[in-house]
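K.L.:
Fold the stuff below for me.
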Amino acid sequence: MDTAALKASWAQVVPLGDQAAAYFYATLFSIDPSLRQMFSASMGGQRDRLLSALGHIVSNVDDSETLVAFVEQLGRDHRRFEVQPQHYPVVGQALLHTLAHGLGPAWNEQLAADWATAYGIVAKAMIDAAAAVDPFEPAWWSAEIVSHERRTGDVAVLTVRPKGEVRYRAGQSLAVESHLRPKVWRYLTPANAPRRDGTIDFHVRAVAGGQLSPALVYQAREGDVLRLGSPIGNRLTVASGPGPDLLMLAGGTGVAPMKAIIEQLAAGLENRKVTLVVGAPNRWDLHDQAELDQLADDLRWVEVITALSEDIVGGQPVTAVEAALRHGTWHDRQIYVCGSPAMVAGTCQTLRDEGYAAAGIHVEQFDDKTYAPLRASMTPERVFEEVTRP
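P.N.:
Residues are numbered from 1 along each chain as shown. Predicted coordinates for the structure are as follows:
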């Protein structure tokens, strides 16, 4: 298999962008029309994720460790879409048709053989990974909404009770689907460490133009049943046991994983200091302030700082990262950042400009509206999150 030829041919297809992805799905549904029911009505985002996934696979085709980890997780996660082994040959056929169409005269028998081999390796890894976890973990969990509390005009806190144990670590996220938007999955991060009763809190902001989040905030009710997918992500998790103190910078509902991590540390009676800086435009956007104040009262090793970027009453507007840098220096701490894409990007850039090492900044960004271009420097977890959000 000529990996250089694979990369070169893919580079010729990439400029076709959405046209290539649209051709792929048209071909796929032409070969097997029954597959259309596996996807949501809107295919725009799905086309983006297809190209992102293929791009990541091709760019790492000669890095077996990275590639295997990525496609195995992809295979495990695709169980929630009800993907079966018999679907993979059809997908492979549609892929080869798409490549042949996109490359035109550059497509030849050797290139076709190389792509078929590469796809076969990927498909087998995905099938095997899914089969290995099937006996131990369901494709999804049903979870009843037992509490739905509107905290602000566009933020709600949902508490769900899954049917069966969902094993996740504080800082990880779970794919969520609702009957209100069938086959539309989005990642939400639990705002609590695992509890004995199994309940999970989600902080949800209704994103303008989003497919699922407005439904969860404005339409979901107690008694509704959601589906939860397997946990994903390791960049925002904290290993148990002794470790460095933490600085947490959260914007809006990005406070959720921070609360979960603090709960984990408290349960383990770990002797760490935590400074949590919560940013919001205005005071009325601080949807979780009462609970955070109680947390700081109960846990003396936790300090909570509020940063308002637009409210000029009683002080100067300031972002979370600006408030943190004015409050002290943090080179001896691990820094965790979660919020909107703009907040995360701006925060990380400011920290780098101030001389903070990238290795000490932990980021795992989730957004149900936009899909940033994938970069080679992304962690496998970040790439996986980007390309698997239906």
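K.L.:
Only C-alpha atoms from now on, for both contacts and neighbour counts.
P.N.:
OK.
K.L.:
Low-confidence stretches in this structure?
P.N.:
Applying pLDDT under 70 to the chain picks out residues 41-51, 311-315, 365-390.
K.L.:
residues near residue 135, how many?
P.N.:
Neighbour count for residue 135, taken as other Cα atoms under 10 Å: 8.
K.L.:
Next one: it relative to residue 316, how far apart?
P.N.:
To residue 316, residue 135 is 56 Å away according to Cα to Cα, to the nearest Å.
K.L.:
Kindly report the same for residue 188.
P.N.:
32 Å.
K.L.:
of those two, who's got more company?
P.N.:
residue 188 (25 against 11).
K.L.:
ok, what's across the strand from the more buried one?
P.N.:
residue 174 (DSSP bridges).
K.L.:
Isn't it up against residue 173?
P.N.:
Yes: Residue 188 is in contact with residue 173 according to Cα atoms under 8 Å; the separation is 5.4 Å.
K.L.:
Pull the number of nearby residues for residue 354.
P.N.:
11.
K.L.:
just residue 147 next, same as before
P.N.:
By other Cα under 10 Å, the burial measure for residue 147, its neighbour count, is 15.
K.L.:
CA atoms only for stretch 298-311, dumped as PDB, please.
P.N.:
C-alpha atoms of stretch 298-311 as PDB (Å, rounded to 0.1, in the frame of the first residue of the first chain):
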ATOM      1  CA  ASP A 298     -18.300  23.900  51.900                       C
ATOM      2  CA  LEU A 299     -14.800  23.300  50.500                       C
ATOM      3  CA  ARG A 300     -12.300  25.800  51.900                       C
ATOM      4  CA  TRP A 301      -9.600  24.700  49.300                       C
ATOM      5  CA  VAL A 302     -11.800  26.000  46.500                       C
ATOM      6  CA  GLU A 303     -11.800  29.600  45.500                       C
ATOM      7  CA  VAL A 304     -14.400  31.000  43.100                       C
ATOM      8  CA  ILE A 305     -13.900  34.200  41.200                       C
ATOM      9  CA  THR A 306     -16.500  35.800  38.900                       C
ATOM     10  CA  ALA A 307     -15.500  37.700  35.800                       C
ATOM     11  CA  LEU A 308     -18.000  39.800  33.800                       C
ATOM     12  CA  SER A 309     -17.000  40.900  30.300                       C
ATOM     13  CA  GLU A 310     -19.800  43.400  29.600                       C
ATOM     14  CA  ASP A 311     -21.300  44.500  33.000                       C
END
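K.L.:
Pull the residues that contact that stretch.
P.N.:
266, 272-283, 292-293, 295-296, 317-320, 323 (Cα atoms under 8 Å, 6 or more residues apart in numbering).
K.L.:
So which bits of the longest strand along the chain are buried?
P.N.:
Counting by DSSP state E, the longest strand found in the chain is strand 141-150. Of all the residues in strand 141-150, those buried under the rule 16 or more other Cα atoms under 10 Å are 141-146, 148, 150.
K.L.:
can you pull out the strands in the stretch 51-200 of the chain?
P.N.:
141-150, 155-162, 173-178, 181-188, 200-205 (DSSP state E, counting those that start in this stretch).
K.L.:
Can you add distance to residue 351 and give the ones you listed back as CSV?
P.N.:
Listed next are those as CSV, based on distance: least, Cα to Cα, whole Å:
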stretch, distance to residue 351
strand 141-150, 33
strand 155-162, 28
strand 173-178, 25
strand 181-188, 26
strand 200-205, 26
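K.L.:
Assess the claim that residue 187 and residue 173 are in contact.
P.N.:
Yes: assessed by Cα under 8 Å, residue 187 is found in contact with residue 173 at 6.0 Å.
K.L.:
Mind checking which of these two has more residues around it?
P.N.:
residue 173 (27 against 23).
K.L.:
The nearest residue to that one once chain neighbours are set aside: how many residues sit nearby?
P.N.:
Distances taken as Cα to Cα, 6 or more residues apart in numbering put residue 189 closest to residue 173, at 4.1 Å, once the chain neighbours are dropped. When neighbours are defined as other Cα under 10 Å, residue 189 has 28 of them.
K.L.:
again with residue 140
P.N.:
For residue 140, using other Cα under 10 Å, the count is 23.
K.L.:
Repeat that for residue 64.
P.N.:
Neighbours around residue 64, by other Cα under 10 Å: 10.
K.L.:
what about it, distance to residue 73?
P.N.:
Here the distance between residue 64 and residue 73 works out to 14 Å (Cα to Cα).
K.L.:
Residue 222 now?
P.N.:
Residue 222 is 32 Å from residue 73, by Cα to Cα.
K.L.:
do the same with residue 8
P.N.:
26 Å.
K.L.:
likewise residue 319?
P.N.:
Counting by Cα to Cα - residue 319 and residue 73 are separated by 36 Å.
K.L.:
Find the nearest non-adjacent residue to residue 348, please.
P.N.:
residue 361 (7.5 Å).
K.L.:
Quick check: phi and psi on the one you found?
P.N.:
In terms of degrees, to the nearest 10, the main-chain angles of residue 361 are phi -110, psi 120.
K.L.:
end to end, how far does stretch 160-179 reach?
P.N.:
15 Å.
K.L.:
That stretch: how far from the chain's middle?
P.N.:
Remark: stretch 160-179 is offset 13 Å from the chain centroid, using Cα atoms, centre = their mean, to the nearest Å.
K.L.:
cool, stretch 190-200 as well?
P.N.:
Using Cα atoms, centre = their mean, the offset of stretch 190-200 from its chain centre is 19 Å.
K.L.:
and residue 289, how many residues sit next to it?
P.N.:
15.
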